[in-house]
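Peer 1: all I have is the shape, not the residue letters:
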């Protein structure tokens, strides 16, 4: 039975733009099915103008809006709760690539464009769109910006934030901010762009963006390195930065336990260096060519071996071997999933603080939960660690989580807070970490966030209950 | 006769921290003496805590605050108006370098630290603090961030904004936000840092910051290139980026008229290429060494000559010659000042839009003001042009400005707006461009800015009348 709100939405967006909701559609529940939801309806506007009018309609009817891109988030920010009162506003039909400007090294595209499609469009123009993450085949540009996505190229190119030059945004009042500049410098007032980026749809709906591009590298060279300790990994990072500067585009670390887990769960994945205390994956991008890249990387590694920062190293001799090395790194989450339920933390710390942090927290966790498997890996160059905890071998994972999850989270987040770190490096807050944020964020910062939210969205209609 | 406010300020900050004001001190008028002012008093707190208490006192007494760093700004944002009611809050006594973290590549320092001192401290640790601008000998870190300073290294390293990892800020309520993280990734809520950066003291007072450092380059190589047109300059920029990638740390352009003016006014400055239609200064930084840098730069320049993007080129053979090339670039403002009053515009455009813009606007200006000298130069790699207009040779500059300034500003800013550009690329808004901003900024953006200002500073005590 369509209500007057449904009728008005249908009149505005037509049958392709206004879908009924029943709690069963893929729009209403996150892809990991952790947050089963039920919407009042699903809106699929096709233009920025339609997004603005949908927002105006919702403001009139006081219907809360949950903006949604590719629905690949990990924190429950882009699906409705189960009250049947929230509208899912999907940006999927806004998928025009508006322009590529090679001389300005920029690309302008609508929010619903899939990241991999934009990467391909840039590559077609012999340019690089460096944002790259596991979900790139289905995540969208709007979602990448709303969550300030990270990924594997942050060390050199920064997060989604650093790659964005301009935005088009619909405000909670249904106005359109035309901020799609391709400018690299603009000191005309407050930085609204960065306020919307990472705000998870709570302040505005991003409908399009202008993104920085880079010349495509001429070649890449990749290596795996065995390090005796995490302290040695940090020293190796320092050396690699000094020798390779911006050529250094990847620096990932993996502890022995993660390599052992991959060996157990995915024995077909080659581990050229076995299970040393720490394995480092290094990627060098070169503007010159393959030989130059290989020579620089090998010279740096020789120095590292001489200085006892590394015990062994393997340099990929071709693209296939390089892919295998990345596959090893990317197989850790897969091995974890296969081994059973586990406790995940996506944390950031100053790089210099990481070795002590891991030593201390490993000991605390093991004292509390003897036999737990500590799967530590991540983007050391960004100070971003995936500090995960797996049930002891042979134990019941669900029972382990029920007993230990809350206490282990407390241990890890207390230590993060003490070290001046972040409890969410790249995944965001959403519904998952909202309470942790309220407990742990600097109270003045929280107060400022609430003041901004009230000022821009006084009716609390944009993604209520997320972040704040 | 001290008022109760003056007594309370003196009781709080002591005789070194609370100075009387008479309209005569260097705190009350900008260094170019364009904005003669008179303060109610000058506060010089020595700690963040004292800044917070001063703000609380001012909130109690409803005394507006003008925060001030090195007082080197160009837009009248850091000195009081002439009503004698505004407090100058100087950050100059907050000048502790709190930490350098080599493994995290970061530095934490207080707002009053002079930029050149911080550059030197980084260099002492064999690291690079890349922010670099003409005022670096007296401007301060807090001011650099409050105005999102640009400078000569933006092409590679970004503005002050891109270099900042964390802030400590005193809010209009006199609270302290402890946001001095050295994190490269942190997705825990709204981006308050970037909201304060560039807000010119209207939303908060920056008391300390954590800044990114980089490994110091092993060598630099510098060249001057003669180009037949601005279109050729843009093509040369594209080639230089493809060949040199992040090695490209400088790409400055200067038109024939600016070279001619330097020749006239400062004949002692060498101009190795004479007065071609456009002169480009290219700087390459290398992680390898001098020979490698020279070889890469020369190979790129040969290609440019072959493709007719360049007619001539001179590569500096030593540090002294390189300095001379930068001196040529930096002598243009000096030559302008020496030649007399002139009309300045600090504008940004998409790089690709610049050649057409200059052709069109040059013609419009000359049609309106025949004989005017068009001194165009700037950071082409950032899309940032200093588009300046000088009175015709032999004419009375003051009379020329009185007749033409308003109309020429209108021509230039109309064209900038049409091309989606910025009327203030790096200098900010302050008092100078406040009315232009109100006229020309996207109305939705202006509305958002006003809402944020009201939310964070409801009493309008932080730098009132600046920006908004």
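Peer 2: Done, it's in. The shown structure was predicted, so the numbers you read here are calculated from the model rather than taken from an experiment. Numbering: from 1, shown residues only, chains lettered A, B, ... in the order given.

Peer 1: domains of chain A?
Peer 2: Per the record, chain A has its domains at A:4-90, A:97-215, A:219-418, A:430-457, by automatic domain parsing.

Peer 1: closest to residue B:456 out of those?
Peer 2: Minimum separation from residue B:456 across the domains of chain A (Cβ to Cβ) falls at domain A:430-457, 6.0 Å. In short, each C-beta sits where N, CA and C put it, glycine included.

Peer 1: what about the closest one, near chain B?
Peer 2: Yes - residues of domain A:430-457 contacting chain B under Cβ under 8 Å from any Cβ of the partner chain: A:433, A:437, A:441-442, A:444-449, A:451-452, A:454-456.

Peer 1: quick check: of those residues, which lies closest to chain B?
Peer 2: residue A:455 (3.5 Å; Cβ to the nearest Cβ).

Peer 1: now the helix or strand containing that closest one: buried residues?
Peer 2: Assigned by DSSP states H and E, residue A:455 belongs to helix A:443-456. Residues of helix A:443-456 classed as buried by neighbour count (16 or more other Cβ atoms under 10 Å in any protein chain shown): A:444, A:445, A:446, A:447, A:448, A:449, A:451, A:452, A:453, A:455, A:456.

Peer 1: mind listing the strands for the stretch 1-150 of chain A?
Peer 2: For the stretch 1-150 of chain A, strands defined by DSSP state E, counting those that start in this stretch occupy the ranges A:18-19, A:39-43, A:65-68, A:86-90, A:97-101, A:106-110, A:127-128.

Peer 1: sheet-wise, list the partners of the first one with their directions.
Peer 2: So the one you mean is strand A:18-19. strand A:39-43 (antiparallel) (DSSP bridges).

Peer 1: so which residues make contact with the strand it pairs with?
Peer 2: A:5-6, A:9, A:13, A:17-21, A:23, A:25, A:27-28, A:54, A:63, A:66, A:80, A:84-90 (Cβ atoms under 8 Å, 6 or more residues apart in numbering or on different chains).

Peer 1: now with 7 Å?
Peer 2: By Cβ atoms under 7 Å, 6 or more residues apart in numbering or on different chains, the residues outside strand A:39-43 that reach it are A:6, A:9, A:13, A:17-21, A:25, A:27-28, A:54, A:63, A:80, A:84-90.

Peer 1: tilt between that strand and strand A:86-90?
Peer 2: Angle, strand A:39-43 to strand A:86-90, by axes from the mean of the first three to the mean of the last three Cα atoms, to 10 degrees: 20 degrees.

Peer 1: chain B contacts on the stretch 301-450 of chain A?
Peer 2: A:348, A:350-352, A:382-384, A:420-429, A:437, A:441-442, A:444-445, A:448-449 (Cβ under 7 Å from any Cβ of the partner chain).

Peer 1: kindly recompute the last result at 10 Å.
Peer 2: Those residues of the stretch 301-450 of chain A that sit near chain B, judged by Cβ under 10 Å from any Cβ of the partner chain, are A:346-355, A:379, A:381-384, A:420-429, A:433-434, A:436-437, A:440-450.

Peer 1: helices - which of these land there?
Peer 2: A:354-355, A:434, A:436-437, A:440, A:443-450 (DSSP state H).

Peer 1: and those residues, which is closest to residue B:248?
Peer 2: Among these, and counting by Cβ to Cβ, the member closest to residue B:248 is residue A:354, at 32.1 Å.

Peer 1: which residues touch the closest one?
Peer 2: A:230-231, A:233-234, A:237, A:253, A:347-348, A:376, A:378, A:380, A:383-385, A:387, A:419, A:421, B:103-104 (Cβ atoms under 10 Å, 6 or more residues apart in numbering or on different chains).

Peer 1: would you mind measuring from it to residue A:425?
Peer 2: Using Cβ to Cβ, to the nearest Å, residue A:354 is found at 12 Å from residue A:425.

Peer 1: joint contacts of those two?
Peer 2: A:347, A:348, A:378, A:383, A:384, A:385.

Peer 1: could you find the closest non-adjacent residue to the fourth one?
Peer 2: Closest residue to residue A:383 in three dimensions, ignoring its sequence neighbours and counting by Cβ to Cβ, 6 or more residues apart in numbering or on different chains: residue A:351, at 4.6 Å.

Peer 1: and stretch A:57-77, anywhere near chain B?
Peer 2: Yes - for stretch A:57-77, a contact with chain B is found by Cβ under 10 Å from any Cβ, at residue A:75.

Peer 1: next, the buried residues of that stretch.
Peer 2: So, applying 16+ other Cβ under 10 Å, buried residues of stretch A:57-77: A:57-59, A:63-77.

Peer 1: just to revisit the earlier point, got CSV for the buried residues of helix A:443-456, with pLDDT too?
Peer 2: CSV is the format used below for the buried residues of helix A:443-456 (pLDDT from 0 to 100):
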residue, pLDDT
A:444, 98
A:445, 98
A:446, 98
A:447, 98
A:448, 98
A:449, 98
A:451, 98
A:452, 98
A:453, 98
A:455, 98
A:456, 98
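
Peer 1: how about the residue lying closest to residue A:338 once chain neighbours are set aside, phi and psi?
Peer 2: Spatial nearest neighbour of residue A:338, excluding adjacent residues (Cβ to Cβ, 6+ apart): residue A:265 at 4.6 Å. Backbone torsions for residue A:265, taken as degrees, to the nearest 10, come to phi -90, psi -30.

Peer 1: so which of the domains of chain A is the most surrounded?
Peer 2: domain A:97-215 (a mean of 23; mean count of other Cβ atoms under 10 Å in any protein chain shown).

Peer 1: what's the model's confidence in it, averaged?
Peer 2: Mean pLDDT, computed over domain A:97-215, is 97.

Peer 1: what about it, distance to the chain center?
Peer 2: 14 Å (Cα atoms, centre = their mean, to the nearest Å).

Peer 1: likewise for stretch A:363-372?
Peer 2: 28 Å.

Peer 1: what does that stretch contact?
Peer 2: So stretch A:363-372 is contacted by A:257, A:342-343, A:362, A:373-374, A:387, A:389-395, A:400, A:403-405, A:407-408, A:410-412, A:414-415 (Cβ under 10 Å, 6+ apart).

Peer 1: if we can go back for a sec, touching, the residue nearest to residue A:338 and residue A:339? I think so.
Peer 2: Yes - assessed by Cβ atoms under 10 Å, residue A:265 is found in contact with residue A:339 at 5.6 Å.

Peer 1: so what's residue A:248 up against?
Peer 2: Counted by Cβ under 10 Å, 6+ apart, residue A:248 has contacts A:155-156, A:237, A:240-242, A:282-285, A:296-297, A:300, A:381, B:215, B:287.

Peer 1: tell me how many other residues crowd the closest residue to residue A:147 other than its chain neighbours.
Peer 2: Leaving aside its sequence neighbours, residue A:147 sits nearest to residue A:428 (Cβ to Cβ, 6+ apart; 4.7 Å). For residue A:428, the number of neighbouring residues by other Cβ atoms under 10 Å in any protein chain shown comes to 27.

Peer 1: surely residue A:428 meets residue A:72?
Peer 2: No - counting by Cβ under 10 Å, residue A:428 sits too far from residue A:72 to count as a contact (11.8 Å).

Peer 1: still on that earlier bit, tell me which of the strands of the stretch 1-150 of chain A sits nearest to residue B:319.
Peer 2: Of all these, it is strand A:127-128 that lies closest to residue B:319, at 33.3 Å by Cβ to Cβ.

Peer 1: which other residues reach that closest one?
Peer 2: Under Cβ under 10 Å, 6+ apart, the answer for strand A:127-128 is A:100, A:102, A:105-107, A:119, A:121-122, A:153, A:157, A:212-217, A:285, B:242.

Peer 1: direction included, what does that strand pair up with?
Peer 2: When DSSP bridges is applied, strand A:127-128 pairs with strand A:214-215 (antiparallel).

Peer 1: what lies in contact with the partner strand?
Peer 2: Contacts for strand A:214-215 (Cβ under 10 Å, 6+ apart): A:102, A:105, A:122, A:126-130, A:153, A:156-157, A:163, A:285, A:287, B:238-246, B:248.

Peer 1: looking at the buried residues of helix A:443-456, which is nearest residue B:168?
Peer 2: The closest of these, once distances to residue B:168 are taken by Cβ to Cβ, is residue A:444, at 10.3 Å.
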